[in-house]
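Novice: can't give you the sequence, but here's the structure:
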């Protein structure tokens, strides 16, 4: 069983920064794509950023230049550095990993339970 645990959310003032982390535990072969999604009140969940095992990244237009995604394959952890935060960034942030539980298995999606980020003065 694979579990993802996020940390780092909280309350921050506009213009501030936060760093989210998400670590995987359990038994698995390897993690392919790691990503962050967010869901604001009354809105659908949306992609924030993803990073491949090789380090290629992709960002939503709304966070380009402000957010940075990175990963530590040795620690099975993904990070999201969020700078210049605005109230529009307020949401529950979820990590998502594509995990191969065995070498002969296709990757499966796993989700964290989410961490709340509130940007307010």
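Specialist: Great, that's in hand. Everything numeric here is computed off the predicted structure, so don't read it as measured data.
Novice: buried set for whichever strand or helix holds residue 116?
Specialist: Here residue 116, judged by DSSP states H and E, is contained in strand 115-119. Going by neighbour count (16 or more other Cβ atoms under 10 Å), the buried part of strand 115-119 is 115, 117, 119. C-betas here are computed from N, CA, C, even on glycine.
Novice: Let me know the secondary structure of residue 88.
Specialist: helix (DSSP: H, G, I helix; E, B strand; the rest coil).
Novice: So which residue is smack in the middle of the protein?
Specialist: Centroid-nearest residue in the chain, with Cα atoms, centre = their mean: residue 36, separated by 2.7 Å.
Novice: Strand partners (parallel or antiparallel) of the helix or strand that contains that residue?
Specialist: Using DSSP H and E, residue 36 sits in strand 30-39. Sheet pairing for strand 30-39, assigned by DSSP bridges, gives strand 46-51 (antiparallel), strand 91-100 (antiparallel).
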